[in-house]
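Participant: need a structure here:
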Amino acid sequence: MKRAWVWGIVISLWLVYMIVAFIWMGERHLRWFDPQYKLAGQSAALQGYIANLPGNSVIEFVEPGCYCNPFSSDHRETLRSDFRHQGKVVQVIKPGDAERAWLPSTPAVLVLGENKQIVYLGPYSAGLYCSANNSFVVAAVNNYQRANLTTGILDDAKGCYCHL
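Facilitator: Take a look at the predicted model:
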């Protein structure tokens, strides 16, 4: 009887430890995409950047070494393939000074329509794993293709992002 009681305590302590560790890890990596409202304050720099891009294009911003990249890599690969099949020009860019002037975090994506209108700019998705299950960009592109609706800039998501 004592042995079962001891195992019950050990398993209970292990469960509590695992729950605390999971919450701590999640909170450690969950961040706001644009906590300082950089996108809203740098619209002129963003418009200047877009002026040099081709219409109907997708620009993926990935910072090498960002701990979030492995979580979103499958999702990003799938989207790249889908965008190419739609005839979009797809570029993967390491953010330089021009991008850092207005881009708050990575991984991020900019989707432009035929006339260089912003169909979507922001994170791929939200949550700790930034997976396809909660993809903002897919919903935005679908809205644009079906009804010519643009989502524009999404800056208030919380997920696994690396601030620039």
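Participant: Kindly list the main-chain dihedrals of residue 91?
Facilitator: Residue 91 adopts backbone torsions of phi -130, psi 140, taken as degrees, to the nearest 10.
Participant: List the contacts of it.
Facilitator: 57, 58, 59, 60 (Cβ atoms under 8 Å, 6 or more residues apart in numbering). Placement of C-beta: from N, CA and C, glycine included.
Participant: Dig out what it forms beta bridges with.
Facilitator: Going by DSSP bridges, residue 91 is paired in beta bridges with residue 59.
Participant: Read off the pLDDT value for it.
Facilitator: As predicted, residue 91 sits at a pLDDT of 94.
Participant: Quick check: the gap between it and residue 2.
Facilitator: Using Cβ to Cβ, to the nearest Å, residue 91 is found at 66 Å from residue 2.
Participant: hmm, back to that, among the contacts of residue 91, which one has the most neighbours?
Facilitator: Comparing the contacts of residue 91 on neighbour count, residue 58 comes out first with 24 neighbours (neighbours: other Cβ atoms under 10 Å).
Participant: Hmm, residue 82 and that residue touching each other?
Facilitator: No: assessed by Cβ atoms under 8 Å, residue 58 is found out of contact with residue 82, at 9.6 Å.
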